[in-house]
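**Q** sequence first, then the predicted structure:
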Amino acid sequence: MTSTTTDRSAAMEDVFSDEGQASSLNLLGRAMAELADRHDDVVVISADLGSALSELRERHPSRYVELGIAETNTISVAAGLAASGFRPYVVAFAPFGMIKCAEQIRTDLAATMMPVTLVTRLSGLAMGYFGASHHAVEDLAIARSITNLTVMTPADNHATLGLLEASHESAGPVLLRVSEATAPVYSSVPDLTRGRFVQVREGTDLTIIGTGAGVGCALGAAEALQEQGISVAVLDAAYIKPFDAAAVLEAAASTRAILTVEEHSEVGGLGAAVAEVLGRNGVATRLGSIALPDADLEVGVPAELLDHYGITVEGVTRKAQALLTTGG
Amino acid sequence: MTTAPMAGPTTRLDRARPTSVQDLRVRADWLRIEVINMIDKAGLGHYSSTFSCAEILSVLYYRSMRLDPSAPDWADRDRFLLGKGHAAVGLWPILSDLGYFPREDLDTFGYIGSNLGDHPDMRKAAGVDFSSGSLGHNLSVGLGMAMAARLRGSDHRTFVLTGDGEINEGQVWEAAMAASHYQLGNLVAIVDANGFIGSGPTAELMSIEPLADRFAAFGWHVIELDGHDVETLVATFDDLPAPESGRPVCVVARTQKGKGVSLMEEAPRAWHVGCLTPEQRDEAIAEISARMQEVSA
């Protein structure tokens, strides 16, 4: 281990603190308070994440509901509020608000088409220090299989704001999966269309499709590869569902290979979705994926875990080079 | 044989409307016959769990709840959630009779394309305030509706009918905890305590007693009664504590699984799901009809 105890402590604080640069906590709290300013039907329900909602609590105390450490109840209560004309936003930890509540989400939100947005924080390996129970690396696989559920995975803070606003217009339920380890991708709120990827960068040799924190890694790798004369297109899979099959097919036609990057299990996530599109359409192309292995995962500080599993600019660069030269 | 539906009103119905105890008793038995006929056409259904709550459904829908069948989405209507969704076959004749959908729909029960399934689907059947089928969810959903009423300043109540087996589910107690924390006096849980889960007696398999004490310990106002005693049900729902009292209400209704049909009362578990033979069906309908005539006489 090369990092000092102080470094590790600082890295963890950055994830959890209201002030940390990497943390989306403060950003989301403010954004939801502003959403409630603009829309009278917004009610924010917390499963012990009320500390992130101080502005909302101050400005709209009646539209803040704390339900404590009871995530399943939280999802179903949101359904009841939605059935009565409100647009509830549930804020919860990803492993518990999403994975623990898969059945409540399917039954009470998706099968009923309730306009509830579930905002999950600390997805992927963001709580990797706390052990296997706190990894949220299967949530996209579960969410993708739920009919009627829209799945959004913002690439950075600007995308988070854009998708949060878009969720208010959604006809049915939304999962907004927030990554913590993102790097800036957009200089302002991007133009996002439901079910469409965003073309972040154009290129002719390779297409890297990222989602969540994967987009920033892809963009950094594309810039590094450009210096080696490799032209890389980058797509932001801001919507995992509905999925932009047309963009995948276009990428297969216009570049020599596709590489996917996600902070999620290799089973059932972005890489799997891209493979399904190619397979179902009979398209042969070179396909690589950076994702977490279907194996017991290590426990540790998030930044070190991401480095360990290659979900970094360097990891993506290495994988891209291997994919183009040897096929993987 | 009195199987024809009673002429149902289709305009706004106030709470505590003047329906007689005798008429409500007859309606509960009318419901049992409708259920037998529907399951007979469909080939399979939940009899005995539906029969244990026949009087409760009759009193709520024909007297106690504020409704407008001509406007199913009326914001100030009382809400009803059938937590024990497997009793949906008992909901369909009532909703049809009140005018939510045509009586002919009952003939489609359980067939592809029908709006009426073995469990309620709010996207298919008018008059269903929320879907159910997965046990333990609806008390939470009802809690959300009770919160919404408070936020909107509406005086409607939310009624949630759960089974006693259903409250084995931990989520029920998450909801029970939150309902008293938020002092939701406009939320009414009714436990159809028929003493059975699918595979046998609740007391043997997973006891949920002392039920009244447990809800009371969670901060609820608890009323325990005989769930087949129409007179007591009427008086209880006519005189619920005011929502402003701040305590959610739990009515623990002691009931009998398969109530009203002797062969089911004797073998309640066997008739959780099934289909009567033509002979058993005729025998059951004759038994119920005789009682209806006796009550009406």
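**A** Arrived safely, thanks for sending. Treat the numbers as computed from the prediction; the structure is a model and nothing was measured.
**Q** and the residue of chain A closest to chain B?
**A** For chain A and chain B, the shortest gap (C-beta to the nearest C-beta) falls at residue A:80, measuring 2.2 Å. (Each C-beta comes from the backbone N, C-alpha and C, glycine too.)
**Q** centre of the chain to the host helix or strand of that residue, how far?
**A** Per DSSP states H and E: residue A:80 is located in helix A:71-83. Helix A:71-83 sits 22 Å away from the centroid of its parent chain (C-alpha atoms, centre = their mean, to the nearest Å).
**Q** can I get it as PDB, trimmed to CA atoms?
**A** The C-alpha trace of helix A:71-83 is given here as PDB (Å, rounded to 0.1, in the frame of the first residue of the first chain):
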ATOM      1  CA  GLU A  71     -36.200   1.400   2.600                       C
ATOM      2  CA  THR A  72     -39.000  -1.000   1.500                       C
ATOM      3  CA  ASN A  73     -41.500   1.100   3.300                       C
ATOM      4  CA  THR A  74     -40.000   4.200   1.700                       C
ATOM      5  CA  ILE A  75     -40.600   2.900  -1.800                       C
ATOM      6  CA  SER A  76     -44.200   1.900  -1.100                       C
ATOM      7  CA  VAL A  77     -45.000   5.200   0.700                       C
ATOM      8  CA  ALA A  78     -43.700   7.000  -2.300                       C
ATOM      9  CA  ALA A  79     -46.100   5.000  -4.500                       C
ATOM     10  CA  GLY A  80     -49.000   6.100  -2.300                       C
ATOM     11  CA  LEU A  81     -48.000   9.700  -2.600                       C
ATOM     12  CA  ALA A  82     -47.700   9.400  -6.300                       C
ATOM     13  CA  ALA A  83     -51.100   7.700  -6.600                       C
END
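**Q** and the very next helix or strand once past it, what does it pack onto?
**A** Once helix A:71-83 ends, the next helix or strand along the chain (criterion: DSSP H and E) is strand A:87-93. The contact analysis (3 or more C-beta pairs under 8 Å, 6 or more residues apart in numbering or on different chains; DSSP states H and E) places strand A:87-93 against helix A:25-38, strand A:42-46, helix A:71-83, strand A:117-121.
**Q** looking at those, which has the lowest confidence?
**A** Among these, helix A:25-38 has the lowest mean pLDDT, at a mean of 91.
**Q** contact partners of that helix?
**A** Helix A:25-38 has contacts (C-beta atoms under 8 Å, 6 or more residues apart in numbering or on different chains) with A:16-19, A:42-44, A:52-56, A:58-60, A:63, A:89, A:91, A:119, A:121, A:157, A:160-161, A:164-165, A:168, A:178.
**Q** chain center to that helix: distance?
**A** That offset, for helix A:25-38, works out to 18 Å (C-alpha atoms, centre = their mean).
**Q** where's the closest residue to chain A within the stretch 1-150 of chain B relative to residue A:35, distance?
**A** Scanning the stretch 1-150 of chain B for the residue nearest chain A gives residue B:144, at 2.2 Å (criterion: C-beta to the nearest C-beta). Residue B:144 sits 19 Å away from residue A:35, going by C-beta to C-beta, to the nearest Å.
**Q** same question, residue A:316
**A** 33 Å.
**Q** looking at these two, which has the bigger crowd around it?
**A** residue A:316 (28 against 20; other C-beta atoms under 10 Å in any protein chain shown).
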